[in-house]
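[1] Have a look at this prediction, sequence included:
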Amino acid sequence: VSQSRYFAVDLDGTLTTKGRFPQIWNITPKQLLKLYDKVEPDLDIIKIVNNLYNRGYVIYIFTSRTNLFQKQTEAWLRKYKVKYHYFITDKPFYDIMIDDKAIRPEEIKQWIKYL
């Protein structure tokens, strides 16, 4: 396994247990803020990310949430003690990502022992 020093970690559906919010197009930002506040953390993934951070990896957290929700989202990250170096908003919306370096949350739970 490559010794890459940088990890980009998605927020919703990776650090959180809920990944899709199909209703976001039909509700107000205030209502969406309430939805985002209620998402549950995936504590196993957070533990892995924090372990990588502690081992010297650079952690980028990225999200499709807009910068309108940046402060609230960073508060959620602090609440669940997610360690990271950079936080990036406005990731494009997509249904499928084609990426030569992408792995799903359930895969990193299996592969972490090799890093």
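    Everything's here; your move.
[2] can you list contacts of the longest helix along the chain?
    In the chain, taking DSSP state H as the definition, the longest helix is helix 43-54. With contacts defined as CB atoms under 8 Å, 6 or more residues apart in numbering, helix 43-54 is touched by 7, 9, 14-15, 59, 80-85, 105, 108-109, 112, 115. Where you see a C-beta, it was placed from the backbone N, CA and C, and this is true even at glycine.
[3] To be precise, which single item in these has the lowest pLDDT?
    Ranked by pLDDT, those bottom out at L115 (68).
[4] chain center to the longest helix of the chain: distance?
    Centre-to-centre, helix 43-54 and its host chain are 11 Å apart (CA atoms, centre = their mean, to the nearest Å).
[5] again with stretch 94-104
    14 Å.
[6] what about that stretch, how long is it end to end?
    Stretch 94-104 has its terminal residues 15 Å apart, counting by CA to CA, to the nearest Å.
[7] same check, this time on stretch 80-99
    One end of stretch 80-99 sits 28 Å from the other (CA to CA).
[8] Report the buried residues of the longest helix of the chain.
    I45, I46, I48, V49, N50, L52, Y53 (16 or more other CB atoms under 10 Å).
[9] List only buried entries from the contacts of helix 43-54.
    Neighbour-count burial (16+ other CB under 10 Å) applied to the contacts of helix 43-54 gives F7, V9, T14, L15, I59, V82, Y84, P105, I108.
[10] Filter these down to the ones in helices?
    Using DSSP H, the buried ones among the contacts of helix 43-54 in helices are P105, I108.
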